[in-house]
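Student: coords please:
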Amino acid sequence: MSLPDFKKKQKTRLAKNIILISGGAIIISACIFLMMANVRIYKKKVELNAQVESLKNKIQETKRKNDNLQEGILRVNDEKYIEKVAREELDLQKPGEKIISFVVSDNKNSQDGLYHQNILQSWLNWISGWFKK
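Tutor: Now for the predicted structure:
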């Protein structure tokens, strides 16, 4: 085998290696691109499924409200229903009736807040005492 034949074979091997490496790089790049596109599509699918569930819940809630309104329309001439609505929603009363209302205070919640605040303040004082030393 002569030197020029060896160089020709070496050049063809080099060309084949470059082609193989570039082809492999293109295939790997295409695979990475497809995986990234798949991840984006999956995220969009999850988002859309959540949106569909939210809309289904809104539809059910709207149907319930519609049923209640339809029931109210059907009972509009019922005197007991009218009296119930007048008492509960409009706070009306019959002549001679006295209404008693009970008001519940939120003192317990405010006292719990003070208790937690005092614990927090005591912890902060204890920690600041360590830094003062």
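
Student: helices or strands next to the lengthiest helix in the chain in the packing?
Tutor: Scanning the chain for the helix with the most residues, using DSSP state H, yields helix 3-74. Using 3 or more C-beta pairs under 8 Å, 6 or more residues apart in numbering; DSSP states H and E as the contact test, no helix or strand touches helix 3-74. Just so you know, the C-beta spots here come from the backbone N, C-alpha and C atoms, and that holds for glycine as well.

Student: next helix or strand past that helix?
Tutor: Per DSSP states H and E, the first helix or strand lying C-terminal to helix 3-74 is helix 79-88.

Student: what is the rounded mean pLDDT of stretch 118-125?
Tutor: For stretch 118-125, mean pLDDT rounds to 74.

Student: just the CA atoms of it, as CSV, please.
Tutor: Output of stretch 118-125 as CSV, limited to C-alpha atoms (Å, rounded to 0.1, in the frame of the first residue of the first chain):
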residue,chain,number,x,y,z
ASN,A,118,-46.7,37.2,73.8
ILE,A,119,-45.1,33.9,73.1
LEU,A,120,-43.4,35.4,70.0
GLN,A,121,-42.3,38.4,72.0
SER,A,122,-40.9,36.2,74.8
TRP,A,123,-38.9,34.1,72.2
LEU,A,124,-37.5,37.2,70.6
ASN,A,125,-36.5,38.6,73.9
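
Student: what's next to that stretch, contact-wise?
Tutor: For stretch 118-125, contacts defined as C-beta atoms under 8 Å, 6 or more residues apart in numbering pick out no residues.

Student: show me the contacts for the residue positioned nearest the centre of the chain.
Tutor: By C-alpha atoms, centre = their mean, the chain has its centre lying nearest to Ala50, at 8.2 Å. Not one residue lies near Ala50 by C-beta under 8 Å, 6+ apart.

Student: understood, closing this out.
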